[in-house]
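K.L.:
Predicted model and sequence below, questions to follow.
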Amino acid sequence: MTYTRLGDTGLEVSRLCLGCMNFGSGEPWMMGDRDASVDLIHEALDLGINFLDTANVYSAGESEEIVGDAVASADRDELVLATKVYFDMHDGPNGGGLSRKHILDQAEASLDRLDTDYIDLYQIHRWDDDTPIEETLAALDHLVESGRVRYIGASTMTAYRFTKALYTSDVEDYSRFTCMQPEYNAVDRHEEANLLPVCAGEGVGVIPWSPLAGGFLTGKYERDSQPEAGLRADADEYTADRFTEENWAVLDAVRAVAAERAATPAQVALAWLLHRDVVDAPIIGPRTSEHLRENAGAVGVDLTDAEVARIAEPKTPRWPAPGKD
């Protein structure tokens, strides 16, 4: 495993982050088996992955509990534990959002489930239209100042909102977001015109979620074939919606490069992200030891600029020439 600094911070993280949404029983495609989940986390740690990302809402806290159990015997000083807050955790008032009350209450609940004294990276899972960003940032700043949180981050929002949050922190002297977690992969590239330029310009680390497009870029699906029962696209409409001709063309390029490299499509798709200067650590979500080791192998696949362009070409925007409609 290799390591990098998260954005402009001094925090050292592995080039792959272990996504922990699969650890729990909230959805049919999740692992379900708690012992198997703990074993997989231990294997990831053994491979040198020191960066784990979860959220309070994943299986209603079950994922955080599993992560806490798994890392209890690890060297906490080397680990970077990340979790998130925003979505409803209970019915009724103050069950979700980014109010000071909800953030502080949920930070304590996450600390308990993770069985740790501090969270390395505490992220807002979404933007909250009903809470002033100043209130949210003040609550997060309090967690940093009190030592309960080391760094703060955000996920999935418009460039305007993220920029507003960064500049509000500057004006009010609050802790600044040091990390952004956007959806980004070789077929989902909308953030190249939205959040990624902001992150590059502001020194913000980028840890993309869904780096394999919900499994599409692993090559396990085929054109004109119904997804097999048990695969994510069989139960997840969002994943199935990626089955477009343009995306199949990207996958064809990924498969071709993989064949030439004696690698797998998943490794090439992850290597494509690792080649992007703005990306620090894609968030992988393996459910088996085989998939974990396959993903980890991507760190050793050093694509050429020509190979990166070849994969990008089917989805590279083609803007009209100046003066043309």
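P.N.:
Nice, I can see it.

K.L.:
which residue ranges form the helices in the stretch 151-300 of the chain?
P.N.:
Assigned by DSSP state H, counting those that start in this stretch, the stretch 151-300 of the chain shows helices spanning 159-172, 195-202, 232-235, 237-240, 245-261, 265-274, 289-296.

K.L.:
Which positions within the fifth one qualify as buried?
P.N.:
Pointing back at helix 245-261 there. The neighbour-count check on helix 245-261 (16 or more other Cβ atoms under 10 Å) flags N247, W248, V250, L251, A253, V254, R255, V257, A258 as buried. In short, each C-beta sits where N, CA and C put it, glycine included.

K.L.:
same thing with the first one?
P.N.:
Counting neighbours by 16+ other Cβ under 10 Å, one finds that the buried residues in helix 159-172 are F162, A165, L166, T168, S169.

K.L.:
just the angle between it and helix 195-202, please?
P.N.:
Orientation of helix 159-172 against helix 195-202 (axes from the mean of the first three to the mean of the last three Cα atoms, to 10 degrees) gives an angle of 30 degrees.

K.L.:
what sits up against helix 159-172?
P.N.:
127, 133-134, 136-138, 141, 154, 174-177, 180, 194-195, 197-198, 202, 204 (Cβ atoms under 8 Å, 6 or more residues apart in numbering).

K.L.:
One more pass at 7 Å, please.
P.N.:
With Cβ atoms under 7 Å, 6 or more residues apart in numbering as the test, helix 159-172 has contacts from 127, 133-134, 137, 154, 175-177, 180, 194-195, 198, 202.

K.L.:
can you tell me the average pLDDT over that helix?
P.N.:
Helix 159-172 shows a mean pLDDT of 98.

K.L.:
Also the fourth one?
P.N.:
If you average the pLDDT over helix 237-240, you get 63.

K.L.:
same check, this time on the longest one
P.N.:
Within the predicted structure, the mean pLDDT of helix 245-261 is 96.

K.L.:
What angle do helix 265-274 and that helix make with each other?
P.N.:
100 degrees.
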